[in-house]
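# Give me coordinates for this.
(one chain, ligands or ions: 1)
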Amino acid sequence: MVFKKVSVIGLGYIGLPTAAVIASRGINVVGVDVSENAVNTINQGKVHIVEPDLDMLVQAAVTLGKLRATLVAEPADAFMIAVPTPFKDDHKPDLSFIHSAAKTIAPVLEKGNLIILESTSPVGATEQLADWLQELRPDLTFPQTAAENADIQVAHCPERVLPGRVLEELVSNDRIIGGMTTKCSEKAIDLYTTFVRGECIITNSRTAEMAKLTENSFRDVNIAFANELSIIADKLKINVWELIPLANRHPRVNILSPGPGVGGHCIAVDPWFIVDSAPEEARMIRAAREINDGKPKYVIDQVAKAADQFKQPVIACLGLAFKADIDDLRESPALDITLKLAQLNIGRVVAVEPNITELPAQLKEAGVELLTLKDALEQANVLVGLVDHKPFKALSNPDINSKVVVDTRGLFNRF
Ligand code: SAJ
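The predicted structure is shown next:
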């Protein structure tokens, strides 16, 4: 099938790069978002999110007239849904954004359309999406009832790109193509091969959903192992940063790095979807979530103990982002720890985050100050390594020798 016009619903960290990459292949792309600010920014050829090289790609696509953004959906050959799938307070998946996307596209659907769900989703969400669409458009047929003869094809093709390397991974990663029928998968492959160089592998929608959840749960479990190890090593007075590289010299051992906890919008969320679907069975996956979610509290207690040694403690938190060398502070354990330390009133709390120019309001309100690394090193007596940003890794021993250090990322412990 030839795609003349593709619509991307949700212009966030996944949707906007995907829209821009498809537009760069000469296909007309219309992005739809609920945020007027996002729509206006994109239509000016600018970006509202930070991702290497995305600004140039969006600017080129908008200038060439291949990409534009709107608040209201319009007819297209294919619709790609890339909206958030958070969880609710009880860790149950919140599919309301997918439901809204269904309501957005339903009025403009036409016979022959392809709909792809890219959002990471609990098992069964693609079928649920197709059911919602069927209710909204009883005049059209969908795969759950009409199978290969359906008017509309539906597939789940989960995004798998790593923030910071999105444009590269969008093209080079293999893709899982989970069509509700073989015809759905074949049509989806036609679309993905317009911009993906990796292999496109066909499965059904439920397996595709589970594959994506499995990938992120695998990583969460492995990070939990490293985090648990770091706490055990502290108890036994062993340096975990020496320990892990030693164990990793075994040819079949590859332990990940401990940290202050797991952040971001994926790894700390997706495993809960598996736990919700199989609460009795998903014991290790649940334990991993609990271990990783418990790590910030452990770090805060360590810092409080360190600060207790000083009459007037000045605590410098190095890094606020959820991981190295990005500016994304959302769902960041480093930010959470810094905020809670300030709220504890155990000393003056300063933060160093080379990737931002202004502190988020909640930190300002809590009295945290944003300092340069140089100023923080001059003023602090307690250093808390929270993110392994490059400038922190480049610190030398004399910079930190006189400080009490709580190092969650192995910044100052090189072996
Ligand atoms: N982290 C550690 N130790 C490690 C590795 C990571 O503490 O050894 C922490 C990070 O600091 C961060 C969190 O885990 O707080 C997650 O970071 P990440 O780099 O592991 O992953 P994300 O959330 O940026 O992206 C993940 C990726 N999934 C996998 O690697 C299996 C990406 O490919 C997915 O597309 C993305 O989730 C997503 O959108 O689901």
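
# Extract the CA atoms of the worst-scoring helix or strand of the chain on mean pLDDT and return them as CSV.
Using mean pLDDT, DSSP states H and E, helix 397-400 stands out as the lowest-scoring helix or strand of the chain, at a mean of 71. Extracted in CSV, the C-alpha atoms of helix 397-400 (Å, rounded to 0.1, in the frame of the first residue of the first chain):
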residue,chain,number,x,y,z
ASN,A,397,40.0,13.8,43.5
PRO,A,398,41.2,17.2,44.8
ASP,A,399,37.7,18.6,43.9
ILE,A,400,36.0,16.3,46.3
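
# State the distance from the residue of the stretch 1-150 of the chain at minimum distance from the ligand to residue 100.
Using C-beta to the nearest ligand atom, the single residue of the stretch 1-150 of the chain nearest to the ligand is residue 120, 5.3 Å away. Heads up, the C-betas are built off the backbone N, CA and C, glycines and all. Distance, residue 120 to residue 100, by C-beta to C-beta, to the nearest Å: 17 Å.

# likewise residue 31?
Taken as C-beta to C-beta, the span from residue 31 to residue 100 is 15 Å.

# For the two, indicate the residue with more neighbours.
residue 31 (27 against 14; other C-beta atoms under 10 Å).

# So what sits opposite the more buried one in the bridge?
When bridges are called by DSSP bridges, residue 31 pairs up with residue 8, residue 69.

# ok, now which ones touch it?
7-9, 11, 15-16, 19, 39, 42, 67-70 (C-beta atoms under 8 Å, 6 or more residues apart in numbering).

# again with residue 314
347, 348, 350, 379, 380, 381, 382.

# ok so, going back, just checking, which helix or strand succeeds the least confident helix or strand of the chain along the chain?
strand 404-407 (DSSP states H and E).

# Only C-alpha atoms, please: export that next one in CSV.
Only the C-alpha atoms of strand 404-407 are listed here, as CSV (Å, rounded to 0.1, in the frame of the first residue of the first chain):
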residue,chain,number,x,y,z
VAL,A,404,31.6,13.8,52.7
VAL,A,405,30.3,12.0,49.7
VAL,A,406,27.1,10.0,49.1
ASP,A,407,27.7,8.6,45.6
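
# I'd like the average pLDDT over it.
Across strand 404-407, the average pLDDT comes to 94.

# how about it: buried residues?
Using 16 or more other C-beta atoms under 10 Å as the test for burial, strand 404-407 gives 404, 406, 407.

# Tell me which residues touch the first one, please.
Which is residue 404. Contacts of residue 404 by C-beta under 8 Å, 6+ apart are 306, 309, 310, 381, 382, 383.

# Next one: it relative to residue 307, how far apart?
8 Å.

# Between those two, which contacts overlap?
Common neighbours of residue 404 and residue 307 (C-beta under 8 Å, 6+ apart) are residue 382.

# my read: residue 160 touches residue 172, true?
No. Between residue 160 and residue 172 there is no contact under C-beta atoms under 8 Å: 10.8 Å.

# the more surrounded of the two?
Between residue 160 and residue 172, counted using other C-beta under 10 Å, the more crowded position is residue 160 (20 against 12).

# circling back to that earlier point, what sits up against the least confident helix or strand of the chain?
For helix 397-400, using C-beta under 8 Å, 6+ apart, the contacting residues are 377, 383, 412.
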